[in-house]
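Novice: Provided below are the primary sequence and the corresponding predicted coordinates.
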Amino acid sequence: MTEPFIGEIQIFGFNFAPRNWAQCAGQILPIQQNTALFALLGTQYGGNGTTNFALPNFQGNAACNQGQGPGLTPRTTGETFGEPTVTLTQNEMPAHQHGLTVYAQNDPAKRSASPATGNGLASPATFAAFAPGNSPSVMMATGLVGQAGQGQPHPNQQPYLAMNFCIALSGIFPSFG
């Protein structure tokens with residue numbers, strides 16, 4: 001392998017950092033022992049900037065390029081964004097309806113809780129409990145179907161493959177420009 005740039009991030013297929021590399025796990029490093037790396041990273045990933053600074057943290061995060069793509073908001077190096085879980089509210093969902101047509105069925109053998117050609121949900125005598133009036137093939141009464149769910153968040157992450165991101169602690173200092 002050629003000599004890396006200081007601050008270069010590589011992905012390794014094994015679970016440890018090679019010599020002169022550190023895993024990108026957000027750890028805090030002392031500036032005094034890592035002046036060249038601090039000169040490149042500063043505190044964009046954390047730290048107090050006087051005695052320490054932080055390495056990037058890829059734990060539970062996916063990489064994203066800096067800058068701004070078409071139709072996207074600008075991203076700066078070190079910025080984190082996104083949510084691992086999301087709880088949707090009614091205000092976040094587009095207005096929609098779940099219609100259900102109820103068919104009255106006189107033949108008891110054709111009454112079924114499962115859809116099938118020619119089958120119906122109820123007899124005309126009990127039809128009023130499901131739909132206004134007793135006319136067959138009408139939309140279900142409003143309020144018969146309500147909200148569901150428990151307001152719990154759901155996972156909001158893309159599929160991942162765990163890899164070992166490491167950053168070079170020593171090597172060639174990259175030239176600007």
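Specialist: Looks like it arrived, so ask away. Quick caveat, the model's predicted, so the values are computed rather than measured. Residues are numbered from 1 along each chain as shown.

Novice: Could you use CA atoms for every contact and neighbour count after this?
Specialist: Noted.

Novice: Distance from the chain centre to stretch 85-97, please.
Specialist: In terms of Cα atoms, centre = their mean, to the nearest Å, the centre of stretch 85-97 is found 16 Å from the chain centre.

Novice: now do stretch 52-70
Specialist: Centroid displacement of stretch 52-70 relative to its chain, using Cα atoms, centre = their mean, is 15 Å.

Novice: Just the endpoints, please. Distance across that stretch?
Specialist: 36 Å (Cα to Cα, to the nearest Å).

Novice: hmm, who's touching that stretch?
Specialist: 24-31, 38, 42-47, 74-78, 165 (Cα atoms under 8 Å, 6 or more residues apart in numbering).

Novice: Buried only: go through the residues you listed for me.
Specialist: Neighbour counting over the contacts of stretch 52-70 (16 or more other Cα atoms under 10 Å) leaves 24-26, 28-29, 31, 38, 42-47, 78, 165 as the buried ones.

Novice: Take those and keep only those in strands.
Specialist: With strands taken from DSSP state E, the overlap with the buried ones among the contacts of stretch 52-70 comprises 28-29, 165.

Novice: Quick check: can you list the domain ranges of this protein?
Specialist: The chain is divided into the following domains under automatic domain parsing: 1-62+160-177, 97-143.

Novice: ok, A54 - how many residues close by?
Specialist: Neighbourhood size, A54 [other Cα atoms under 10 Å]: 23.

Novice: go on, P108?
Specialist: As a burial measure, P108 scores 12 neighbours (other Cα under 10 Å).

Novice: okay, it: pLDDT?
Specialist: At P108, the predicted lDDT confidence score is 72.

Novice: do the same with the one 4 residues further on
Specialist: As predicted, S112 sits at a pLDDT of 66.

Novice: likewise A128?
Specialist: 57.

Novice: T85 now?
Specialist: 85.

Novice: follow-up on the earlier one: and the buried ones among the contacts of stretch 52-70, which two are the farthest apart?
Specialist: Spatial extent of the buried ones among the contacts of stretch 52-70 (Cα to Cα) is set by the pair I31 and F165 at 21.3 Å.
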